[in-house]
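Asker: pasting the sequence and the predicted coordinates here, then a few questions.
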Amino acid sequence: MSNSPIRRAAIFGASGGIGAAIASALEARGAETLRFGRSGPLPFDLTDEASIATAAERAGEVDFVFVATGMLHAPGIAPEKSVAAIAPEALAASFALNAIGPALIAKHMLPRLPRKGRAVFAALSARVGSIEDNRLGGWHGYRASKAALNMLIRGFSIELARRNREALAVALHPGTVDTALSKPFQASAPKGLFTSEESAARLLAVLDGLGPAETGGFYAHDGAAIPF
Ligand SMILES: NC(=O)c1ccc[n+]([C@@H]2O[C@H](COP(=O)([O-])OP(=O)(O)OC[C@H]3O[C@@H](n4cnc5c(N)ncnc54)[C@H](OP(=O)(O)O)[C@@H]3O)[C@@H](O)[C@H]2O)c1
């Protein structure tokens, strides 16, 4: 269990539904919270490494990094219903935004975590990125890019443990949450819909309960480990 309070946090994707709620919850806990977004005073773009490097410099040393960015649909991009719908540009965009962008944030932010004491790097993945759990098919680009993200985080967690044995790098599933990202698909949501605030509270409670032994894992909003 975590017993050290979060001092300084960097939220990437703080304009998003879940990202904004995570930032507000951390502020309510008294953490100094830096809200990085595509626009606003602390800008970055997932597709522009130089902007991420600049954001990281502005962040300085932080003990908590939360990556709340992601893409399921965009103008001209919808989740594929079948292999026939595979389009290289859409697949490339899914990987750029869901896997490569968060990996670049890790590249520039992991060195900014302290070498001693509790430190957290968490990124929002999605349960549908579990390879073992995939029994429905479809959503190929989103699923594959989240599976790639999960693997990247597992690898980074191994390096991070060499830097700081108390540090944690994990992927999280937020549940189905009422945001712009899920809007077109909410009717087919298997279970209830969370508000962003509910999801953020659950995710922060999950992180509070994780220790170094759990680093590299993939966890749902109820704390359960999700198979890769
Ligand atoms: N909502 C759900 O039901 C659900 C379920 C499972 C997993 N997730 C995951 O949770 C994460 C957050 O999703 P959300 O539901 O909060 O969606 P959201 O409200 O649409 O937020 C997405 C965030 O990603 C940012 N973003 C997109 N492209 C970017 C880029 N090129 N550069 C920088 N930022 C960029 C958006 O910035 P702008 O505001 O500038 O567009 C926004 O802050 C995603 O990874 C998603 O896959 C969500």
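Answerer: Okay, I see it.

Asker: can we go C-alpha only for contacts and neighbour counts from here?
Answerer: Noted.

Asker: I'd like the next helix or strand past the longest helix seen in the chain.
Answerer: Longest helix of the chain, by residue count under DSSP state H: helix 140-163. Counting by DSSP states H and E, the next helix or strand C-terminal to helix 140-163 is strand 167-173.

Asker: mind listing the helices for this protein?
Answerer: 17-28, 49-59, 88-95, 101-109, 140-163, 196-209.

Asker: now tell me what touches the first one from outside.
Answerer: It refers to helix 17-28. 6, 9, 11-14, 32-35, 67-69, 177-180, 196-197, 199-201, 204 (Cα atoms under 8 Å, 6 or more residues apart in numbering).

Asker: only the C-alpha atoms, please, for it, written as PDB.
Answerer: Only the C-alpha atoms of helix 17-28 are listed here, as PDB (Å, rounded to 0.1, in the frame of the first residue of the first chain):
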ATOM      1  CA  GLY A  17     -12.600  13.200 -19.800                       C
ATOM      2  CA  ILE A  18     -10.600  10.800 -17.600                       C
ATOM      3  CA  GLY A  19      -7.400  12.900 -17.600                       C
ATOM      4  CA  ALA A  20      -9.200  16.100 -16.400                       C
ATOM      5  CA  ALA A  21     -10.900  14.100 -13.600                       C
ATOM      6  CA  ILE A  22      -7.500  12.500 -12.500                       C
ATOM      7  CA  ALA A  23      -5.900  16.000 -12.400                       C
ATOM      8  CA  SER A  24      -8.800  17.400 -10.300                       C
ATOM      9  CA  ALA A  25      -8.700  14.500  -7.900                       C
ATOM     10  CA  LEU A  26      -4.900  14.900  -7.400                       C
ATOM     11  CA  GLU A  27      -5.400  18.600  -6.800                       C
ATOM     12  CA  ALA A  28      -8.000  17.800  -4.200                       C
END
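
Asker: quick one on the thing from earlier: roughly how far is the longest helix of the chain from the heart of the chain?
Answerer: From the chain centre to the centre of helix 140-163 is a distance of 10 Å (Cα atoms, centre = their mean, to the nearest Å).

Asker: could you do stretch 139-157 as well?
Answerer: Stretch 139-157 sits 11 Å away from the centroid of its parent chain (Cα atoms, centre = their mean).

Asker: then stretch 19-31?
Answerer: 15 Å.

Asker: could you do stretch 217-228 as well?
Answerer: Using Cα atoms, centre = their mean, the offset of stretch 217-228 from its chain centre is 13 Å.
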